[in-house]
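Engineer: Structure of the sequence below:
(chains A and B)
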Protein chains: 2
Amino acid sequence: MNWYEDMGEYGDIAVSTRVRLARNLKAYPFPGRMSEQQEKELLDSISSFLTGTAGGSAFRFVNISDQDPITVGSMVEHHLISPELAIKRGKRGVVLSENNSVCIMINEEDHLRIQSIISGLNLKDCMITVSRLDDLLDGSFHYAWSDQLGYLTHCPTNLGTGLRASVMLHLPAHTETGDIRALVSNLGKLGFAVRGLYGEGSKAAGSLYQVSNQMTLGLSESETVDRLDEVVRNTIERERTLRKIISEKNPVYLEDRIWRAYGILSHCRRITGEEAMNLLSDLRTGVAMDLLKNIPLSELNKLIPDIQSNSICSTEGKPLSEPARDIKRAGLIRALLKKES
Amino acid sequence: MNWYEDMGEYGDIAVSTRVRLARNLKAYPFPGRMSEQQEKELLDSISSFLTGTAGGSAFRFVNISDQDPITVGSMVEHHLISPELAIKRGKRGVVLSENNSVCIMINEEDHLRIQSIISGLNLKDCMITVSRLDDLLDGSFHYAWSDQLGYLTHCPTNLGTGLRASVMLHLPAHTETGDIRALVSNLGKLGFAVRGLYGEGSKAAGSLYQVSNQMTLGLSESETVDRLDEVVRNTIERERTLRKIISEKNPVYLEDRIWRAYGILSHCRRITGEEAMNLLSDLRTGVAMDLLKNIPLSELNKLIPDIQSNSICSTEGKPLSEPARDIKRAGLIRALLKKES
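Structural biologist: Now for the predicted structure:
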C-alpha cells in the first residue's frame, strides 16, 4: 500500500501533508560546485547508509541517472521526487521507504532533501518521521551548520530550519466562489504560499492547492508547523462553510454537477488530463459531501497521480501519443468507478 | 400504444411520416369569414359524424376551446394538432384515433385538416389512411372544388391537391459535417422544404428535420408522394454514408461522444430542453449505429414529445417554472434509461 491509498484526518478536504528538510553535508561543496566524483561519492555513501544497517530492508535506492524519462516523470507525478531532481543533470537519486511515504533525495538543489508524505492533515507524524531520519543522518554525516544562520542551504530561502511543510487541500468551493484569490493574498501576508498540484509554477488542476510555509529563519520548526496547522484548519473550516452555503443556496446545481461528473467519468472513452482533474474534483466534492457513496476518497487520491501523462505511459511500458493517453486515461477512470459501483 | 412507440421502416434515421390533406366544405365560407354559429355548426357536424357511425368507437373528439393552455401545448408537442390550431381563436377541435395516429383538425386554417402519422418511412400507409377518410368525408359533406384548380384552400400554397407529405429525419451526420446546408438548398430546388422539429420557423433541435413537399399544383398526389419518397431514401442513404465516414475517420471521437451523452443523460439532475434534445440526438445515433444496446429507438421517439415544456407540466398536472421543468425533464430521462439498462 502506498501512502496515498490511506485516508487521513480531515481527509474530506486535506489530501496529504508533506514535510521536507533541506540539508547539506559539511564535507562537500554545494551541488553545482561538486565534481562528478564527489557527486558519486555522496550518492553512494548516503544510499548505502540508508539501505544498509541504518534503514534495513525498509528502504530502496533508485538511481535517477539510470532511469528512462517516463519512469522519472511518473515518479514526479507521484510526488516521490521533485521536478528539479528529475530535470537536473549529474549523479542523483532517491531513497524510498516501502510505502513511498519517506523519500530522501540526494544531490537535488541541496545534498539531501528528507521528505515525509502522509494522507490527510498530519503535520505531527510527518515531523516525527523526518526528525528521526535527520538525527540518524546527522549522527553519521555532519551537516553544514552555522550558529548564526542555522542549517546552510543552497538557496537562501531555505536557510535556517531548511524546513518546508505543506498541506495539499481540495478547495472547490473557494475556487467556485472566487474566495481563493483572497485566501492566496491573506495567507501570503502571513508568510504562507498557495501553489498548484505540482508546486511552484504549476496550475491548480482540480482545485487542488498546496499551502506551505515560506519562512525558514526566525521561527523554530515547531512554531512553523503549529502556525501552518492553524492556518490549514481555518481554511478547511472555511471551505466546509462555503460548501454548505453553495449547497443550501442551490442544492440541485451542486447535485447535478456532481452526478454529471460521475456520468461522464464512468462513460467517457477519451479524456484530457485537465478535464479529468476538473471532473474528479467534482467527484471528490460529491464523496466528501456524502452525495456519492461507495467511492473511497483514498481511491480517488490514488487515481490522481496514476492518470498523469508519464504515469500512464509508465503503466503501459512505452511512450504514448496524447490521443492514446486520453483513451488510456478514460479507461483507468472507468475501471475504478466500475469496480467501486 | 401511440404511433410513436412503434418503430417503422428505416427507423434508424426516419422518425416518422406524416401526410395531411387540406379540405374545405362547399357549404361554408372559409374560416376567418365564418360566423361563430357557422364555426359551431361545422365543428359539431364533422365531430359527430366521425365519432358516430362513420368512425365508430375508434375516434374521440377534443374541443380545443375547452382545454387549458398546458394541455393544448402538450398536444402540439405530441404532433396531435398544429401550432396554428392551438393559438387561433374561435370554435375549433380535433378528432383523434385511438392510437393518435389519425387526427382530423376542424376549423384550423382550412375547415378540415385530415392527417395520418406513422413511425419510420411509410408514405404509402399514410396515404391510404388519409384517402379513406377523405372519401368518407367527401361522400357526406361535399368539398369546395374547382375543375381548374382542384381542391380550394384558404392559402394558395395548398391549392390543388391540398396535400402536404413530410418525413421527420434524424440527420446528425449531415449536421456535424455541415452537409445539411447543401441538403436544404438542393431539396429546395427540387420543391421540398426542410424544417425543424415543430415545422415552419422552428429550430432543428436534436438534428431532427422535416422534409416535405412544397408543390400542390401541377402534380398528382401519387407523383408528389413518390418524389418525396425518393428524395428521402436518397437522404437516408447519404446520412448512413456520412455516419460511416465520421465513424471510420475517428471511431473514438464518436464512441466517446455517444457514451458521454449516455453518461450525462443517465445521471444529470436538471437539464434544459435544448441540451436534452442534443444529447438524445447523440444517444439516438449510438442506438442506430449499434454502439448502445438495450435502448429501443421507439422509447427515444416517445421521450422527445414527453420532455417538451408543456408536456412536462401536463404530466405534473400544473404549470411549472423553468428550473422545475429542468429537474422533471432530467428525472424523466433518467427513469427511461434506468428502466432500459
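Engineer: buried stuff in stretch A:174-187?
Structural biologist: Neighbour counts over stretch A:174-187 (16 or more other Cβ atoms under 10 Å in any protein chain shown) mark A:174-176, A:179-180, A:183-184, A:187 as buried. Where C-beta positions appear, they are placed from N, C-alpha and C, glycine not excepted.
Engineer: outside of that stretch, which residues touch it?
Structural biologist: With Cβ atoms under 8 Å, 6 or more residues apart in numbering or on different chains as the test, stretch A:174-187 has contacts from A:171, A:173, A:193-194, A:204, A:207, A:209, A:211, A:231, A:235, A:238-239, A:242, A:246.
Engineer: From these, pick the one nearest chain B.
Structural biologist: Using Cβ to the nearest Cβ, residue A:246 comes nearest to chain B of the contacts of stretch A:174-187, at 14.7 Å.
Engineer: my guess is that closest one meets residue A:240, correct?
Structural biologist: No: in this structure, residue A:246 is not within contact of residue A:240 by Cβ atoms under 8 Å, at 11.0 Å.
Engineer: Just the strands from chain A, written as ranges.
Structural biologist: Using DSSP state E, the strands of chain A run over A:14-23, A:59-63, A:93-97, A:102-106, A:112-119, A:145-146, A:150-151, A:163-170, A:192-195, A:208-213.
Engineer: Distance of residue A:109 relative to chain B?
Structural biologist: Residue A:109 is 42 Å from chain B, where distance means Cβ to the nearest Cβ, to the nearest Å.
Engineer: what sits against the nearest residue to that residue once chain neighbours are set aside?
Structural biologist: Leaving aside its sequence neighbours, residue A:109 sits nearest to residue A:154 (Cβ to Cβ, 6 or more residues apart in numbering or on different chains; 5.0 Å). By Cβ under 8 Å, 6+ apart, the contact set of residue A:154 is A:22, A:24, A:30-32, A:109-110.
Engineer: More neighbours: which of residue A:246 and residue A:240?
Structural biologist: Taking neighbours as other Cβ atoms under 10 Å in any protein chain shown, residue A:246 and residue A:240 compare with residue A:246 leading, 19 against 16.
Engineer: Figure out which of the strands of chain A is closest to chain B.
Structural biologist: strand A:163-170 (21.4 Å).
Engineer: elements contacting the closest one?
Structural biologist: strand A:14-23, helix A:123-141, strand A:208-213, helix A:221-249, helix A:273-288 (3 or more Cβ pairs under 8 Å, 6 or more residues apart in numbering or on different chains; DSSP states H and E).
Engineer: quick check: angle from the shortest one to helix A:273-288?
Structural biologist: In terms of direction (axes from the mean of the first three to the mean of the last three Cα atoms, to 10 degrees), strand A:208-213 departs from helix A:273-288 by 80 degrees.
Engineer: Give me the number of neighbouring residues for the closest residue to residue A:255 other than its chain neighbours.
Structural biologist: Of all residues beyond its chain neighbours, the one nearest residue A:255 is residue B:269 (4.7 Å), with distances taken as Cβ to Cβ, 6+ apart. Neighbourhood size, residue B:269 [other Cβ under 10 Å]: 19.
Engineer: quick one: residue B:269 and residue A:259 touch, right?
Structural biologist: Yes: Residue B:269 is in contact with residue A:259 according to Cβ under 8 Å; the separation is 5.6 Å.
Engineer: separation between residue A:229 and residue A:179?
Structural biologist: Residue A:229 sits 21 Å away from residue A:179, going by Cβ to Cβ, to the nearest Å.
Engineer: do residue A:115 as well
Structural biologist: Relative to residue A:179, residue A:115 is positioned 30 Å away (Cβ to Cβ).
Engineer: Repeat that for residue A:31.
Structural biologist: From residue A:31 over to residue A:179 the distance is 40 Å, taken as Cβ to Cβ.
Engineer: Same check on residue A:26?
Structural biologist: Distance of residue A:26 to residue A:179, given as Cβ to Cβ: 46 Å.
Engineer: try residue A:88
Structural biologist: To residue A:179, residue A:88 is 37 Å away according to Cβ to Cβ.
Engineer: try residue A:62
Structural biologist: Using Cβ to Cβ, one gets 40 Å for the distance from residue A:62 to residue A:179.
Engineer: what's the pLDDT at residue A:6?
Structural biologist: What the model reports as pLDDT for residue A:6 is 60.
Engineer: Residue A:201 now?
Structural biologist: According to the prediction, residue A:201 has pLDDT 54.
Engineer: Leaving out chain neighbours, which residue sits closest to residue A:155?
Structural biologist: Distances taken as Cβ to Cβ, 6+ apart place residue A:109 nearest to residue A:155, at 6.3 Å, with adjacent residues excluded.
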